[in-house]
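Chemist: Please find the sequence and the predicted model below.
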Amino acid sequence: MAADVAAASRGFRSVFSLLTPNESSFQTVDEVPKYVQQATPYFVGLMLLELLVGVLRTGGSVVTLSDGVTSISAGMISRLPLLLFRGCELTAYVYVWDHFHLMDLPWDSAWTWWITLLGVDLGYYWVHRCSHEVALLWAAHQVHHSSEYYNLTTALRQSVAQQFSSWIFYLPLALAVPPSVFAVHIQLNLLYQFWIHTELISDLGPLEWIFNTPKHHRVHHGRNIYCLDKNYGGILIIWDRLFGTFAPESDKVIYGLVFPIRTFETLHVQFHYYSHLWKRSRRYRNVSDKILTFINGPSWKPGKRRLGDYQDNPKVTLKEVPHNPSWSLLLHVYVAVHFLLVLRIYHGLFGNQMVLPQGTVVALTAHVLLTLTALGYVIDQRPWAPFLETIRCVVLMILLRLGHVTPVLPSLAAPTQAFVSLSLIYWILQGFSQRLRINNKSD
C-alpha cells in the first residue's frame, strides 16, 4: 500500500517536474520510467478538474467536444511512431554519446541532474524558437497552435513530425551528459508544459519571474500582434528574458493561428501547412526564393526581412469567436462513444506492444488513424463521412470478433457489438440518403 502511494506521488509530481535527483536518477536508459505514458491518468484527472472548475466559475464548459477530440487525437497521432521505433531525440542522443562524448559526468550526481535540467530547457527554448522562425519547422509546430481554445486538451495537440527535427538541438548535451539522465529530463520538460495550458490560473506572483506559467504561455498561444513569436520557454521563462523574446500578458488573448484553419479533421491539422508551403514556393520563379520559402520565417515574402512581418495578418478585433459549428446531440454522443472505444484500443497498443505480433500492432495502428480521421469528417460534417464511417465500423466489428478490441468490462462486450452494428446500419442508410439527394439534384 505504501509503495502504491509513493508511486502515485511520483507520478503526480512528475507532471509538474517536481521529482528530486535521488528518485529520478538511473544508471541505464532501460531503467528510466516511461513518465509520459504513466502520466495519462493524471492528465485525465486534471482535465476533468479543469472542466468542473470551469463550469463552477463561468457556468459553461472550457472545452468543446469537437475541439477537445481534435486536440487529443493530435496527441495520440504524435506518439504512434513510438510503437515502431524509439523516439528520434533519444536515439540520436545515444548515438552521439556512444561515439563522440568528451566527458562522462556521473549519472548519480545531483549536479549532473540540475545541469541537465537547465541544458534540456535551454535546448527546448531553441527548438521552440526555431520552430516559429523557420517555415519548414513551423509546418510541424503549427499543429500545437491550431486550436482557437486554450485548455488542458490543447497541451496534447502535438505534431507527429516535430520529433524528426527537434533532436538536433539536444546533441551538445550528449558530449557530456549520460543518456539515462537526458531520458529523464526530456520527459519531465514535456510533462511540465501540460499544466500551463489553462485560463483558470491567473497569476502566480514571484514565480512568474523565473518559471513559465499559464499567464506567460497564454501569450505564446495568442494571435494578437503583441503575442506573436514570444515566450518560448519550457519550464523556465528566464531564457525569454535573456534573449529578448518575453512579452507580458496585457490585452485579451485571442488564440489560434493567424489564419485559422476551421476544421477538425486530424490529418489536415497535421499536414496542411506543408502543402501550403509547396504551393507558395511554386509561385516564385527565382530558385533562391523557392528555397527561402522553406527556411525563412512563415510570413516571409521576397523583398521582406528574413522573418517577414505582420502587415498581411488579419486584424485582431478582440471580438473573435472560436470556430464551433453546430451539430446534433446524437452525433455528439456517437463521436464521444467511438472516441472512448479508440482510446481503449490506443491504450491497449501501448500497454501490450511488446507481446503483440508486429502485424497486429500495424493493423491496430492503422485502425486508430482511420478512426481519428473518420471522426474528424463526422464533426466537420463532410460528404465523405458516411463512406469512411461505414468502412471503419466494418473493420471495428471484425476486430471485436477477433478479440483484438475488448471493452473495459466483459459485461460490456455485447452492448459494444450492438452499438457498433447500429452505427454501421446508420451510416449505410446515411450513405444511401446522401446518394439519393445527389441524384435528385442532378435530375
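Modeler: On my side now, so go ahead. Residues are numbered from 1 along each chain as shown.
Chemist: from here on, contacts and neighbour counts on C-alpha atoms
Modeler: Fine.
Chemist: Unless I misread the structure, Phe26 falls within a strand.
Modeler: No. The assignment for Phe26 by DSSP: H, G, I helix; E, B strand; the rest coil gives coil, which leaves it out of any strand.
Chemist: For it, report the pLDDT, please.
Modeler: As predicted, Phe26 sits at a pLDDT of 97.
Chemist: where along the stretch 251-400 of the chain do the strands fall?
Modeler: In the stretch 251-400 of the chain, no segments count as strands under DSSP state E, counting those that start in this stretch.
Chemist: So, low pLDDT: which residues of it?
Modeler: Counting by pLDDT under 70, the stretch 251-400 of the chain shows no low-confidence range.
Chemist: Okay, helices next: where are they in it?
Modeler: According to DSSP state H, counting those that start in this stretch, the stretch 251-400 of the chain carries its helices in the segments 266-282, 287-295, 329-352, 358-380, 385-402.
Chemist: same for the longest one, what does it pack against?
Modeler: In this case it means helix 329-352. Where contact means 3 or more CA pairs under 8 Å, 6 or more residues apart in numbering; DSSP states H and E, helix 329-352 is packed against helix 65-79, helix 358-380.
Chemist: want to try a markdown table for the ones you listed, with mean neighbour count and distance to Ser180 as columns?
Modeler: Compiled in a markdown table, those are given as follows (neighbours: other CA atoms under 10 Å; distance: least, CA to CA, whole Å):
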| stretch | mean neighbour count | distance to Ser180 |
| --- | --- | --- |
| helix 65-79 | 22 | 20 |
| helix 358-380 | 19 | 27 |
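Chemist: With respect to Val395, which of those lies nearest?
Modeler: Nearest of the helices and strands packed on helix 329-352 to Val395, taken as CA to CA: helix 358-380 at 7.7 Å.
Chemist: and that closest one with helix 329-352, angle?
Modeler: Between the axes of helix 358-380 and helix 329-352, defined by axes from the mean of the first three to the mean of the last three CA atoms, to 10 degrees, the angle is 160 degrees.
Chemist: Out of the helices and strands packed on helix 329-352, the one nearest Asp312 is which?
Modeler: Among the helices and strands packed on helix 329-352, helix 65-79 comes nearest to Asp312, with 26.8 Å by CA to CA.
Chemist: other SSEs contacting that closest one?
Modeler: helix 152-155, helix 266-282, helix 329-352, helix 358-380.
Chemist: Which parts of this structure belong to which domain?
Modeler: Per automatic domain parsing, the structural domains of the chain span 2-243, 329-442.
Chemist: With distance to Pro298 added, can I get these in a markdown table?
Modeler: Listed next are those as a markdown table, based on distance: least, CA to CA, whole Å:
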| stretch | distance to Pro298 |
| --- | --- |
| domain 2-243 | 4 |
| domain 329-442 | 26 |
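Chemist: Of all those domains, which one is nearest Pro302?
Modeler: Pro302 sits nearest to domain 2-243 of all those, at 14.1 Å, using CA to CA.
Chemist: Determine how far the last residue of the closest one lies from the first.
Modeler: Using CA to CA, to the nearest Å, the end-to-end distance of domain 2-243 comes to 45 Å.
Chemist: The domains of the chain: which one's closest to Asp312?
Modeler: Asp312 sits nearest to domain 2-243 of all the domains of the chain, at 11.5 Å, using CA to CA.
Chemist: Tell me how far the closest one lies from the chain's centre.
Modeler: Relative to its chain's centre, domain 2-243 lies at 10 Å (CA atoms, centre = their mean, to the nearest Å).
Chemist: can you map out the helices along the stretch 1-150 of the chain?
Modeler: Here the stretch 1-150 of the chain has its helices, by DSSP H, counting those that start in this stretch, at 2-15, 35-38, 40-58, 65-79, 88-100, 110-133, 135-145.
Chemist: Of these, which stretch is the most buried?
Modeler: Ranked by mean neighbour count, these are led by helix 135-145 with a mean of 24 (mean count of other CA atoms under 10 Å).
Chemist: quick one, that one and helix 287-295 angle?
Modeler: 30 degrees.
Chemist: follow-up on the earlier one: can you add distance to Tyr284 and give the helices and strands packed on helix 329-352 back as TSV?
Modeler: Listed next are the helices and strands packed on helix 329-352 as TSV, based on distance: least, CA to CA, whole Å:
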stretch	distance to Tyr284
helix 65-79	32
helix 358-380	33
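Chemist: out of those, nearest to Leu242?
Modeler: Comparing the helices and strands packed on helix 329-352 by CA to CA, helix 65-79 comes nearest, at 30.9 Å.
Chemist: okay, the helices and strands packed on helix 65-79 in a markdown table with distance to Gly54 next?
Modeler: Shown next, in a markdown table, are the helices and strands packed on helix 65-79 (distance: least, CA to CA, whole Å):
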| stretch | distance to Gly54 |
| --- | --- |
| helix 152-155 | 12 |
| helix 266-282 | 26 |
| helix 329-352 | 20 |
| helix 358-380 | 24 |
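Chemist: nearest to Leu207, of those?
Modeler: Between Leu207 and the helices and strands packed on helix 65-79, the shortest separation by CA to CA is 20.4 Å, and it involves helix 152-155.
Chemist: Tell me which other helices or strands that closest one touches.
Modeler: Applying 3+ CA pairs under 8 Å, 6+ apart, we find helix 152-155 packed against helix 40-58, helix 65-79, helix 179-195.
Chemist: Kindly reformat those helices as a markdown table containing mean pLDDT and distance to Arg218.
Modeler: Below are these laid out as a markdown table (pLDDT from 0 to 100; distance: least, CA to CA, whole Å):
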| stretch | mean pLDDT | distance to Arg218 |
| --- | --- | --- |
| helix 40-58 | 94 | 16 |
| helix 65-79 | 96 | 17 |
| helix 179-195 | 97 | 12 |
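Chemist: any idea how far the closest residue to Ser24 other than its chain neighbours is from Gly431?
Modeler: Leaving aside its chain neighbours, Ser24 sits nearest to Val184 (7.0 Å; criterion: CA to CA, 6 or more residues apart in numbering). Distance, Val184 to Gly431, by CA to CA: 50 Å.
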